[in-house]
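Participant: just a sequence and a predicted model for now, questions to come.
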2 protein chains.
Amino acid sequence: MRALDVIFRPQSIAVVGASKNREKLGNVILRNIIGSGYRGVVFPVNPKETEIEGLKAYPAVSAIGQAVDLAVVVVPAERALDVTRDCGKAGVKGLVVISAGFKEVGKEGLAREKELVEICRAHDMLLLGPNCVGIMDTHTPLNASFAAGFPLRGEIAFISQSGAMLVAILDWSVKTGLGFSRFVSMGNKADLNEADFIADAVSDPNTKVILCYIEDVKDGEHFLRVADEATRYKPVIVLKSGTSQAGAQAASSHTGALAGSDLAYETAFKQTGIIRVRTMSELFDLAVVFTRQPVPRGRRVAVVTNAGGPGIVTTDSIEAGGLDMARFNRETIESLRGELPAEANVFNPVDVLGDARTERFRFAMEKVLSDENVDSAVVLLCPTAVAEPVETAEAILAVKEKYPQKPVLAVYMGGESLAPGAELLTERGIPCFTFPELAVRALGGLVNYGRIKERPAKEELPVYPDVNPEVVRRVFSRVREDRRRTLLGSEAMEVAAAYGIPVAPVKLARRAAEAVTHAAELGYPVVLKVASPDIIHKTDVGGVRVGLQTPEEIREAFWEIMERVHEHLPRALVYGVDVQKMYPKGTELIVGVTRDIQFGPLIAFGLGGIYVNLLKDVAFRLVWGMGEQQVEEMIKETKAYTLLRGYRGEKPRDIGALVNVISRVGRLVSDFPEIVEMDINPVFAYEQGAVALDVKITIG
Amino acid sequence: MRALDVIFRPQSIAVVGASKNREKLGNVILRNIIGSGYRGVVFPVNPKETEIEGLKAYPAVSAIGQAVDLAVVVVPAERALDVTRDCGKAGVKGLVVISAGFKEVGKEGLAREKELVEICRAHDMLLLGPNCVGIMDTHTPLNASFAAGFPLRGEIAFISQSGAMLVAILDWSVKTGLGFSRFVSMGNKADLNEADFIADAVSDPNTKVILCYIEDVKDGEHFLRVADEATRYKPVIVLKSGTSQAGAQAASSHTGALAGSDLAYETAFKQTGIIRVRTMSELFDLAVVFTRQPVPRGRRVAVVTNAGGPGIVTTDSIEAGGLDMARFNRETIESLRGELPAEANVFNPVDVLGDARTERFRFAMEKVLSDENVDSAVVLLCPTAVAEPVETAEAILAVKEKYPQKPVLAVYMGGESLAPGAELLTERGIPCFTFPELAVRALGGLVNYGRIKERPAKEELPVYPDVNPEVVRRVFSRVREDRRRTLLGSEAMEVAAAYGIPVAPVKLARRAAEAVTHAAELGYPVVLKVASPDIIHKTDVGGVRVGLQTPEEIREAFWEIMERVHEHLPRALVYGVDVQKMYPKGTELIVGVTRDIQFGPLIAFGLGGIYVNLLKDVAFRLVWGMGEQQVEEMIKETKAYTLLRGYRGEKPRDIGALVNVISRVGRLVSDFPEIVEMDINPVFAYEQGAVALDVKITIG
């Protein structure tokens, strides 16, 4: 990991392309650096000037004659390469290239960007950008960007692939009082990318929570490794756009992002502990609670309210959000009953009633927070004739202090009359919302992160001593010689068997007589399936006949298959039929693999058979970071699991055997990156063991 | 429908329990009425005073000697009945009973409430409450409540079962500038309830959109009728709390609400065109757009933005929300291309680029709104160096005026620098949001309402001339004589057959020999199923044997069933076995009915067989308002429909036959309210026809 101190905490900065003209970015950036209170040395660089904004100007970075940590480059793209070479020669350590005119403008720009990266690499310079707004760090302090304004100091790092988004959020945050540790505009991500900035934010003592807006990920493997590590220390919340088809189109026309599938992103985020949000409001609501409140030990929430209806709405939100309403212990209930009026509800949600002043809130909060069955609390105040918004806020703050490990969020449901109390709470660290659902959503984020932080260490697939990669290589080279990409059923079975996946043996028969011979060897009854690299859905074209008991039946079936396939797909290349021994029917499952452009092989598991597309009961894992524990969890996420455990009186199936099949598939596709797709449909699971009935493999 | 003018627009009001003490509700209400600018006559009633707040006071309503439209009652509960009688005698037309101490305090209160209602009915007085905050109408104007403050004038009616919620929203609305036509606090809903207030708000010319917060519905049938009618004229948006189990518990302890199942509410709302929201923020965001923007003709949205990233986020929200990104026609694209810079995206989302001033926004908005493939537009402005928030707002407003039938929403993503523009837009009727997802969610509400408004008229089930209710009555009385509630399989089949539902005939055999005789009549092969009112899941206890081909097999199966059932459930009452002809396997479906306490019979349809609980592929309809069209739609909502249409090469099933089965089930449960549960599992659907294989009926 490269430390990014030269970017965020440089001792000295050169602004290359600094200008006297206050309209120009080269001037705006210089003034931003000075105006942010930066305490290092600043060197304007402009061959035509001797002094800019009261600072001595230099003709080139190499002419400065002092150490320069960071150069901010705002010259036109055509001059950027020369400037960069000069920076390299002068021993500059980091570069922020603001200039546009690179990858985003097409072929010529792409070539220029490549050269830019090469120069930086050659001189061991870190590169942010090009085509970015710049960076800000409120703790250094440093505003090396052309954005108008500087964020309030805080503990949120915001890393954005969109400069406009960054500027908009900056503007908005100042109005709403939200503080940030850093802002990063990543631009084209030619060198440094989201993974680098996430990693550095983890080690930044001023950052408590990391927010990202991204449209794609630059280097899947690097991202996974960094994210998996980072989320164990600090929450990483990501808004990834381009999730919809139209959105992805818009994204790729916007930054030329070569994105993987959204499903792969979703799986990657989940597996590495990233909290994915879908909306900007959620992004910032979560950020606020993460900086102000602790992660609770569990999901049991207490609610204290002075109004019944809003209390019920809060309760609904808690259950809808996957949290639990805490069940108080007897002492809590009794002491609430002893002290509160008879009509008060002493169970959760605690209703201290509309005539409650501060004292009842204080008492109830004290009691529920001291209950060991309560992990967190939401306190809800509605404007009543006797409500004391400020005094109640003070009481809540005082009680909360005694329970530092239990998060408390407030809902002050009202307007002007409650505002001073709401502000007091927010200022002193208890986020205060207008509507209950927002508080509950934010609390849900905290609870989820608790589980993320404590999750088991990253896994690896087992190493299987019994696999035979040589066989696989042989099959693949035969297929390639044949100028095919899709393996025949018998070939795919051979590959699977070579990796220890239990398969129902298959033999290719080119003629009817050969099919009869194979059947005699394999044992009756048998199945015939058309063997053709061109046919994916064999059943649909009449290419499958099951339960064949005699040589006559086999011969008849052979010719029938040939005829019907020819009828449906007259141009399909047909090798003959695959002959397979019929297996007793087990629970029908599917194991599939696709290869994502960013994140590598993605494994799917779920209910199989002809309904697989209909029911879509499928769970996913990236092979990256997948071990047997992950495989078991994947199985448990499906409805198929309910069947496998033994559904309505049936005996349970051999889940261990399925874990073995899936893990070995994972190992196979890891060892052979040329496998672009693989499908086992169905796998039959039995009380003892499991067997792959049909395997499809496509190589790239 | 009773017109509620005496409540919202009374000519004269008596405040019974008016007080000189400014701390008391009886004074607060009097001052609220006067202070709201009410233009009718106000009579304080208090036997101990001669004058209150400058008005002549009367000892009783009957002593006023002038016509009194409305009496607001704030005396203690013990005196409320006498006061009400006096009002009745004096010819008062409407009553708002603020006083608490009725149903909500237990048995005695409940009796008092009943008497209150009786008195009102006897004197033909409308009654709001008791135990409520009161009502407000900003157009009358009238504030007959004890809430502090009066809403801004507007076009939103807010009807609330929670007084605290009403007060909180009032307080909040004044701060945020949201205007209302009415506020109603319904209290205990002893007489007037949500249905009455919804109906009246529909006819209120000052109300454009109706919001409700409810914890339950008072009279299911009345509510359904009113809602179905109301939503054809004005949008009705409901936040119903108590959706979660814990929430429902909290609700029933709060108002003693006897709620039906949330599923029945969900179905009732859907069938009657009510827009159900889950959060308070959504409730009010929708309300705002409904009052300010028209309902679009379709779901095709254009986006115009000056920033790529936020444009993509907006696109994602649009697709996630079930809306479509509009595809512009060629002229639009060409004229955008002609006028905008080369780097601009001229497809949807239109990116006018970060250096756009007002003119580009104006041009792009004009072009996309004039495109006949665009039904609505979202315009998004991010703070850039050259952004002109106010001028751009003016341009948007001017363009929008030319397209009154196309809604336009704005997103000004930023803070202080954009605030004046955002305010201008909001004031002049284009709601302006900070984040795109909020605008899109609100737009989604408008689009949905378009479909709701134009939906077909309420349906009725067909009247079947061939049904035989006499048979059903006979079976039911036999079952009752037997002191049973669950029908035997053969009885349930008889009932179904009497209503023209095609069934696989079943005969009850008490002995093995009888089973053989039945089989000879029905034809082999047959199925035997244990006949017992105590056994629900027959398969689970070994109570079913299929595919029996000979008398020997039947005899053997008979004894095996008896033995295995006895093993599993030694205490079950067993009548023998049901003998049924085996039918060829069709697509396995389920039709079920439960009876909701509020909304009557609720029909379920979905995939059947042993996986029904696992897959939960079920659609629901209330029998109320269900006709054959609704039944067809219900079928189409399921995954089963994909199978029925002919899945992967299979022939389509007879959907008409299924519609017939479901409709006849609906007719049966409507005609016989004593049916509390009915299940047909499975129904087999064939290419021609459908047949019920197993029918269960429970009567109450």
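Facilitator: Structure's in. What do you need? It should be emphasised that the depicted structure is a prediction, and the values quoted were computed from it without experimental measurement.

Participant: separation between whatever residue of the stretch 1-150 of chain A ends up closest to chain B and A:A344?
Facilitator: Going by Cβ to the nearest Cβ, chain B is nearest to A:A148 of the stretch 1-150 of chain A, at 7.0 Å. Any C-beta I mention is one placed from the backbone N, CA and C, and that applies to glycine too. To A:A344, A:A148 is 52 Å away according to Cβ to Cβ, to the nearest Å.

Participant: near the nearest residue to A:S145 once chain neighbours are set aside, how many other residues are there?
Facilitator: For A:S145, ignoring the flanking residues on the chain, the nearest one in space by Cβ to Cβ, 6 or more residues apart in numbering or on different chains is A:G134 at 2.8 Å. Neighbours of A:G134 under the rule other Cβ atoms under 10 Å in any protein chain shown: 27.

Participant: same check on the one 5 residues further on?
Facilitator: As a burial measure, the neighbour count of A:H139 was computed by other Cβ under 10 Å and equals 17.

Participant: go on, A:L381?
Facilitator: For A:L381, the count of nearby residues is 31 (other Cβ under 10 Å).

Participant: more neighbours: which of A:A148 and A:A344?
Facilitator: Just comparing A:A148 and A:A344: by other Cβ under 10 Å the higher neighbour count belongs to A:A344, 17 against 14.

Participant: so the more buried one sits right up against A:I333, yeah?
Facilitator: No - if you go by Cβ atoms under 8 Å, A:A344 and A:I333 don't touch, sitting 11.4 Å apart.

Participant: can you list the strands that the helix or strand hosting A:A14 pairs with?
Facilitator: According to DSSP states H and E, A:A14 maps onto strand A:12-16. Strand A:12-16 pairs in its sheet with strand A:41-45 (parallel), strand A:70-73 (parallel), by DSSP bridges.

Participant: OK, contacts around the closest residue to chain B within the stretch 601-700 of chain A?
Facilitator: Here the stretch 601-700 of chain A gets closest to chain B at one residue, A:G649, 4.8 Å apart by Cβ to the nearest Cβ. Counting by Cβ atoms under 8 Å, 6 or more residues apart in numbering or on different chains, A:G649 touches B:T539, B:D540.

Participant: for it, give its distance to B:D617.
Facilitator: 22 Å.

Participant: now A:L170
Facilitator: For A:L170 relative to B:D617 (Cβ to Cβ), the value is 48 Å.

Participant: so which of the two has more stuff around it?
Facilitator: A:L170 (26 against 22).

Participant: so that one makes contact with A:F183?
Facilitator: Yes - using Cβ under 8 Å, A:L170 is in contact with A:F183, at 6.3 Å.

Participant: list residues touching both of the two?
Facilitator: A:M136, A:A147, A:P151.

Participant: residues in the stretch 51-200 of chain A within reach of chain B, list them.
Facilitator: A:105, A:146, A:148, A:160-165, A:167-169, A:171-176 (Cβ under 8 Å from any Cβ of the partner chain).

Participant: next step: those restricted to helices.
Facilitator: Residues of these located in helices (DSSP state H): A:G163, A:A164, A:M165, A:V167, A:A168, A:I169, A:D171, A:W172, A:S173, A:V174, A:K175, A:T176.

Participant: now do the same contact list for the fifth one.
Facilitator: Spelled out, it's A:A168. By Cβ under 8 Å, 6+ apart, the contact set of A:A168 is B:A307, B:P310, B:C382, B:P383, B:M413, B:G414.

Participant: sorry, back to before: roughly how far apart are the residue of the stretch 601-700 of chain A closest to chain B and B:H566?
Facilitator: 17 Å.

Participant: same question, A:A393
Facilitator: 68 Å.

Participant: higher neighbour count, these two?
Facilitator: Taking other Cβ under 10 Å, A:A393 and B:H566 do not tie; A:A393 has more neighbours (28 against 14).
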